[in-house]
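J.: any chance you could fold what I've pasted below:
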Amino acid sequence: MKRSLLTLACTLIAGASAAAPPRSTFRYSAPKEEDQRPVIIDATIGPQGSDFAMRLLFDKEPWGENCKTRCANVTLFLDTDNNTTTGLQLDKKLPETGADMAVIIQGAREYKGTSSFALLRVKVRQLTGESKSVDDGEALADLNNHQDAERVQIDENTVYLLIDATGPTLPSARKVRVVYHPPTAKPLVSTIDGMLSGGSSSNVRIFRGGGSKKGWGKAKEAGTPTSAPSKGSNDNG
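T.: Numbers count the residues shown, from 1 in each chain. Coordinates of the predicted model:
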């Protein structure tokens, strides 16, 4: 098991250090506010095979004991066909309009009897033309770092995700719009290669070896909690 996790997390082999660093999808300068939930300050997102691979750097630990009741609660919107007439339908002026997929990342706490433990949840929702909010979306996946180490890994403040994009009704195109709306800030919008771009298998590589020179780093403790289960009353809030 330990060997398989090391293999899973290894993304950069000999010679990769000479390659140019991957280009960030977006960056954000977070305000220095102690009571603010963790936010994404640097994201690299792209297609990898039939998945969207994501490396998300937060300004502080997004889950665990340190964030207590103020852990991460962020949503990334993906307009997988780069078409605002499909997917989530809001005001036409809002960049989230047209999003076909929402990826919700939450630091949370799970309770079992008198004990509890921290975990990072990742919820994936498909949004259609009938969706007026994320809550209207169809659940595609509910992941966490304890049970889904092949798709969710954490290395300190960095979260690595593989999001399955093979839903039978999820639209695809050569380009994808990515939208992230930090609290009290303007939305960040970027365009990345889509599933039909033709180069998804070689442009990105996380969680896997195979000789890529464009690795995104590695999670040192794949699927391993950073803290032992403990008593507590906090949730994502």
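J.: C-alpha only now, for contacts and for neighbours.
T.: Will do.
J.: low-scoring stretches of the chain, by residue?
T.: Applying pLDDT under 70 to the chain flags the ranges 1-22, 199-237.
J.: okay, strands next: where are they in it?
T.: Along the chain, the segments classed as strands by DSSP state E run 26-27, 40-48, 51-58, 73-79, 101-112, 115-126, 138-144, 152-155, 158-164, 175-180, 188-193.
J.: so what strands line up beside the first one?
T.: Using DSSP bridges, the strands paired with strand 26-27 in its sheet are strand 40-48 (antiparallel).
J.: can you check the last one too?
T.: Strand 188-193 sits in its sheet next to strand 175-180 (antiparallel), going by DSSP bridges.
J.: so how far is the strand it pairs with off the chain centroid?
T.: 13 Å (CA atoms, centre = their mean, to the nearest Å).
J.: next, the buried residues of it.
T.: For strand 175-180, burial by neighbour count (16 or more other CA atoms under 10 Å) applies to 175-180.
J.: among these, pick out the one closest to residue 131, please.
T.: residue 179 (16.7 Å; CA to CA).
J.: out of the strands of the chain, which is the most enclosed?
T.: strand 152-155 (a mean of 24; mean count of other CA atoms under 10 Å).
J.: one step back: mind putting the strands of the chain into JSON lines with distance to residue 33?
T.: Formatted as JSON lines, the strands of the chain follow (distance: least, CA to CA, whole Å):
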{"stretch": "strand 26-27", "distance to residue 33": "18"}
{"stretch": "strand 40-48", "distance to residue 33": "14"}
{"stretch": "strand 51-58", "distance to residue 33": "14"}
{"stretch": "strand 73-79", "distance to residue 33": "16"}
{"stretch": "strand 101-112", "distance to residue 33": "18"}
{"stretch": "strand 115-126", "distance to residue 33": "22"}
{"stretch": "strand 138-144", "distance to residue 33": "27"}
{"stretch": "strand 152-155", "distance to residue 33": "23"}
{"stretch": "strand 158-164", "distance to residue 33": "20"}
{"stretch": "strand 175-180", "distance to residue 33": "19"}
{"stretch": "strand 188-193", "distance to residue 33": "20"}
